[in-house]
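Visitor: Okay, structure incoming, though there's no sequence with it:
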């Protein structure tokens, strides 16, 4: 799972990245409110750890921007343990609130609780036309025919189905599916897309996985639309 930490205190930010990474998470770190907001809106994260006091824009402004377009859990951090701050954070859409200083074990426990809670509301199945995918049973089919996908192909299709209608760049796909920074010298993404397309599109009349030149790939139905 990928977590975004927005924290301007260098030692604490580095400590959180180290601790969460050692706990099995993939972690991105932003040190300003503006950078954090942009990452939160553009990225695909399972949870956001958000400090209140940030340079640029504060945590409440970041939270407001995130809540307008995302439903991921948000755990807010602050050095100010005032009731008014906690109330404001929770009323603004934060899922939990932790005052500094805190024990890492408590932070980790709260994160795990939020992720478990989020899974209860997470969609477990997706459909696009006659293409369907079940995350729980890890099965995909098209026109009633079972698709034989590798683990990476299933992860790639899941991401495309979750973000259907949105163009995803090669960088986004590499980061989310392979947990790697995109290297322009590798054709890993293109090869995976080609293989996935061979299974979900080639045997069928309507094509769902499209290349958007210079931008990336999008999974959508274009039936009835102009070429």
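Guide: Thanks, I have the structure now. The structure presented is a predicted model; accordingly, all values stated were derived computationally and were not measured.
Visitor: Can you report phi and psi for residue 168?
Guide: Main-chain dihedrals, residue 168, degrees, to the nearest 10: phi -110, psi 130.
Visitor: wait, residue 30
Guide: The phi/psi pair for residue 30 (degrees, to the nearest 10) reads phi -120, psi 140.
Visitor: tally of neighbours for the residue nearest to residue 23 when sequence neighbours are not counted?
Guide: Counting by CB to CB, 6 or more residues apart in numbering, the nearest residue to residue 23 once its immediate chain neighbours are dropped is residue 108, at 5.9 Å. Yep, even glycine has a C-beta here, placed from its N, CA and C like the rest. Close neighbours of residue 108, defined as other CB atoms under 10 Å, add up to 14.
Visitor: list the contacts for residue 108?
Guide: Neighbouring residues of residue 108 by CB atoms under 8 Å, 6 or more residues apart in numbering: 19, 20, 23.
Visitor: Likewise for residue 30?
Guide: Contacts of residue 30 (CB under 8 Å, 6+ apart): 4, 5, 6, 7, 36, 39.
Visitor: Tell me the confidence at it?
Guide: Residue 30 carries a pLDDT value of 97.
Visitor: Return the set of residues that bridge with it.
Guide: Listed beta-bridge partners, residue 30: residue 6 (assigned using DSSP bridges).
Visitor: Roughly how far does it sit from residue 8?
Guide: Residue 30 sits 9 Å away from residue 8, going by CB to CB, to the nearest Å.
Visitor: Check residue 167 too.
Guide: Residue 167 sits at a distance of 32 Å from residue 8 (criterion: CB to CB).
Visitor: about what we covered before: grab the two from the contacts of residue 30 that are most spread out in space.
Guide: Using CB to CB, the contacts of residue 30 span at most 12.5 Å, a distance reached by 7 and 39.
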